[in-house]
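K.L.:
Sequence first, then the predicted structure, then my questions.
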Amino acid sequence: MKRNIYLLLLLVSLPFISQAHGYWFDIKGSGKANQPVQIQICFGEIDEYNIRHRETGPELIQLGDFKITVIDAHGKKTSIQIHPKADCWEGTFIPKEKGVYQILGINETLPVVDRSKTGGKNVRPIDYLCAAYQVEQSGYISGPVQFLDIVTSKREKLVVVKAFNNGHPASSTTKLRVFNPENWEKSLEIDEHGEAVFMPAMKGLYIIREDFTVPVTGTYQGLPYTSIRHRCNYSLLVN
């Protein structure tokens, strides 16, 4: 009996797998100046085998509504045109100088999530994407640009996550999660400075997700909603 209780507690304490859908950046480049960088905007889900799949159905069209911006080390903003591919939308930019480039995306035109048929409440989603791209030198983004935003830095073996809400450090009650390259999900605790930490145990793409829901009613594209769910997904590639 004691052994069964121990196993149950162990399972509860482990991070779990999420099968929810989500958006993310996949950034591909050499890290060199004057070399093209591919920005892929993806949408998909995690299956029961921990594999993240990119959607290729009707949802792919909605990716084209993301507005993509690149900000260089001097604060210069460049809008990036994106085009549909087989399983993503893609844009390209060429960094002209060394430094850290901030890559941002926002989609404010996603349809209301209609849960009325199942007795749930309708939600209007607004999604933000962000990432940092280093060109021939290391460094970090210091502050936020979007309504919901995330920046990261390193502290020895730890990744330091700074979450922001409307330009201010996120509160300790903010829902913050990280998905590792094997798509295990773990909740992160935010301190009074809006910071959280985690240690990446493997190489690959980590997705850090911040959620913030505003209880406001309205109508969008003919559908009523009772809240707006803001979500920011930060793509962190650990080499």
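P.N.:
That came in fine, so what should we check first? Residues are numbered from 1 along each chain as shown.

K.L.:
so where does the spatially closest residue to residue 180 that is not a sequence neighbour fall, helix or strand?
P.N.:
Computed as CB to CB, 6 or more residues apart in numbering, the closest residue to residue 180 that is not its neighbour in sequence is residue 206, at 5.8 Å. Every C-beta, even on glycine, is put in place using the N, C-alpha and C of the backbone. In this assignment (DSSP states H and E), residue 206 forms part of strand 204-214.

K.L.:
for residue 130, same thing?
P.N.:
Per DSSP H and E: residue 130 is located in strand 123-135.

K.L.:
The helix or strand that that strand is followed by vs strand 204-214, what angle?
P.N.:
The helix or strand immediately downstream of strand 123-135 is strand 148-155, counting by DSSP H and E. Angular relation of strand 148-155 and strand 204-214 on a 0 to 180 degree scale: 140 degrees, by axes from the mean of the first three to the mean of the last three CA atoms, to 10 degrees.

K.L.:
For strand 148-155, the averaged confidence score.
P.N.:
Taken as a whole, strand 148-155 has a mean pLDDT of 97.

K.L.:
now do stretch 126-139
P.N.:
96.

K.L.:
picking that back up, against residue 190, how distant is the residue nearest to residue 180?
P.N.:
Using CB to CB, to the nearest Å, we find residue 206 at a distance of 17 Å from residue 190.

K.L.:
With residue 179 instead?
P.N.:
Going from residue 179 to residue 190 by CB to CB gives 17 Å.

K.L.:
Give me the number of neighbouring residues for the closest residue to residue 201 other than its chain neighbours.
P.N.:
Spatial nearest neighbour of residue 201, excluding adjacent residues (CB to CB, 6+ apart): residue 180 at 7.1 Å. For residue 180, the neighbour count with other CB atoms under 10 Å is 19.
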